[in-house]
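Peer 1: Sequence first, then the predicted structure, then my questions.
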Amino acid sequence: MSSGRTHDRITLWALPLVVLAAFRVTLNGPLTAVVCLGFLLGGWMLGPDLDIHSVQYKRWGWLRWIWLPYRGRIRHRSHWSHGPILGTVVRVLYLSLWLSFGGLLLVNLLNSAQRTALSWGDLIDGLAWALTAYWPWWLALVVGLELGALSHYVADWIFSASKGKRRAKKRRR
């Protein structure tokens, strides 16, 4: 299996291709930048190896504890962690739960401190508005995250395939 440093190098080497492809598809500099940001996040912070004690896991610093339940439930290299699209969706949903919990806690604290009449319905309406009004930006981010994870999957698949061919060659000798 490729090391974390190898995956980091692959992410950096593939970045110019992602920039060119994203700009060709979007014809928009800021959207291209969001795709590239998602690609780097997907390759460095939200990659498939968050299910083990990896370089990606260590990059979360003092927040790495939020990935402990994920690591405990997701088997390494399963479809839930290393599956195209599914793996990224699972990680994004998992992180979204933590962010939602933290956001709700913060809003609740601010409400109690200021004694304002902001309701949970107002928050949900605001989130729904942000998702619908800025859907191209969210889509660009999600595509970038998936491309970053896909570079990881492809590297693992190529390495595993070449390793299998080398073993088969040794057996024939």
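Peer 2: All right, it came through fine.
Peer 1: Which strand or helix spans residue 106?
Peer 2: Mapping residue 106 onto the secondary structure by DSSP states H and E places it in helix 86-114.
Peer 1: could you point out which element follows that helix?
Peer 2: Toward the C-terminus from helix 86-114 - assigned by DSSP H and E - lies helix 120-133.
Peer 1: and that following helix, average pLDDT?
Peer 2: Averaged across helix 120-133, the pLDDT comes to 79.
Peer 1: Next, the buried residues of the helix or strand where residue 13 lies.
Peer 2: Here residue 13, judged by DSSP H and E, is contained in helix 4-26. Of all the residues in helix 4-26, those buried under the rule 16 or more other Cβ atoms under 10 Å are 4, 7-8, 10-11, 14-15, 18, 22-23, 26. In this view, the C-beta of every residue, glycine as well, is placed from N, C-alpha and C.
Peer 1: any weak-confidence spans in this protein?
Peer 2: Judged by pLDDT under 70, the chain has its weakly predicted residues at 1-4, 113-120, 161-173.
Peer 1: start to end distance for stretch 45-54?
Peer 2: End-to-end distance of stretch 45-54 (Cα to Cα, to the nearest Å): 10 Å.
Peer 1: Now do the SS call for the spatially most central residue of the chain.
Peer 2: Using Cα atoms, centre = their mean, the residue of the chain that lies closest to the mean C-alpha position is residue 46, 3.3 Å off. Secondary structure assignment for residue 46 (DSSP: H, G, I helix; E, B strand; the rest coil): coil.
Peer 1: and it, what is it in contact with?
Peer 2: Contact analysis of residue 46 by Cβ atoms under 8 Å, 6 or more residues apart in numbering lists 56, 88, 91-92, 95, 145, 148-149.
Peer 1: Likewise for residue 149?
Peer 2: Taking Cβ under 8 Å, 6+ apart as the contact definition, residue 149 lies against 42-43, 46-48, 84, 87-88, 91.
Peer 1: swap the cut-off to 6 Å and go again
Peer 2: Residues counted as contacts of residue 149 (Cβ atoms under 6 Å, 6 or more residues apart in numbering) are 42, 47-48, 88.
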